[in-house]
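In: how would this look folded up:
(one chain, ligands or ions: 2)
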Amino acid sequence: MKQPHILCDSNDIAKYVILPGDPERVLRAAAHMENWKEVATNREFKTVTGYYKGIPITITSTGIGGPSAAIAIEELIACGAKYFIRIGSGGAVQQNIEIGDTIIATAAVREDGASKMYIQENYPAVADFNLTNIILTTCEALKYRYYSGIVRSHDSFYIDHEEEMMEFWNHKKVLASDMETAILFTIAQLRGVYAASILNNVVKYQADIKDGINDYVESDELAAEGEKKEIILALESIAELHHRNSKAS
Ligand SMILES: O=P(O)(O)O[C@H]1O[C@H](CO)[C@@H](O)[C@H]1O
Ligand SMILES: O=c1cc[nH]c(=O)[nH]1
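Out: Residues are numbered from 1 along each chain as shown. Ligands and ions are numbered 1, 2, ... in the order given. Next up, the predicted model:
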């Protein structure tokens, strides 16, 4: 049965799934795979399935924010997906994080609305330890500059107290903001699938968000390089995970 929003069924979806927000990033990531084909595109959800080092992998865009990400994730799970790696963009909440740096989330502050519709706020949004550990060791091997720790997922860009809010989370050692990591981790824990999240930093801490996003849209070289790194990191991590899964079975 085709799922109502992603317009895919279980024949279209691999066990390993990569989740960018942006549908255009799906195609840029697919360019690193072999024999891929676009399975479906509907609204913000673009799905391709192909192979990386012979391993079937699906890439689906989630769109912006928790509600659309939740729809994509639930429908992908209904199609049999088991492992999810988000490849997102984020805004730094710490001064030392540069544009294009890689952020590997261990957990997310649930400042979004969608995850609260699923379960009360004291339920933690945590990354899958095994999958995240593979990403960390793969990142070390690739020699990417990276940070690992807590991120914050939110629902609103242009609120009046954005600066104070950033300062608050800066003091709480949060690394970066995005909009989908919290819902991904929450749903994965509730449904018994495995999730991790990699963010490419596209905005310096306390820089004007709009300028940062514009730089990104204008393909700022560092941000584009950061995106390429997160794509390769996700694909290489899935290759390592698959290798371990095959040995264990
Ligand atoms: O670039 P993506 O993966 O969409 O991620 C980030 O970018 C969007 C906002 O500009 C939000 O979806 C946020 O989480
Ligand atoms: O600052 C930023 C940049 C990307 N995504 C966010 O959620 N925040």
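
In: List the buried residues in the helix or strand harbouring Ile198.
Out: Taking DSSP states H and E as the criterion, Ile198 maps to strand 194-203. Buried residues in strand 194-203, counted by 16 or more other Cβ atoms under 10 Å: Tyr194, Ala195, Ala196, Ser197, Ile198, Leu199, Asn200, Asn201, Val202, Val203. Just so you know, the C-beta spots here come from the backbone N, C-alpha and C atoms, and that holds for glycine as well.

In: Those residues: which two are farthest apart?
Out: Farthest pair in these (Cβ to Cβ) is Tyr194 and Val203. Separation: 28.5 Å.

In: Confidence-wise, which helix or strand of this protein is lowest on average?
Out: One helix or strand of the chain scores below all others by mean pLDDT, DSSP states H and E: helix 209-217, with a mean of 57.

In: Heading C-terminal from it, find the next helix or strand.
Out: Remark: after helix 209-217, the chain's next helix or strand is helix 221-248, criterion DSSP H and E.

In: Quickly check: that next one near ligand 1 or not.
Out: No. Counting by Cβ under 6 Å from any ligand atom, ligand 1 is not contacted by helix 221-248; separation bottoms out at 8.6 Å.

In: what number of residues lie near the residue in the chain positioned nearest to ligand 1?
Out: Minimum separation of the chain from ligand 1 (Cβ to the nearest ligand atom) falls at Gly21, amounting to 2.0 Å. Counted with other Cβ atoms under 10 Å, residues neighbouring Gly21 total 22.

In: residues touching it, list them.
Out: By Cβ atoms under 8 Å, 6 or more residues apart in numbering, Gly21 lies in contact with Ser61, Thr62, Gly63, Ile64, Ala69, Gly88, Ser89, Met179, Glu180.
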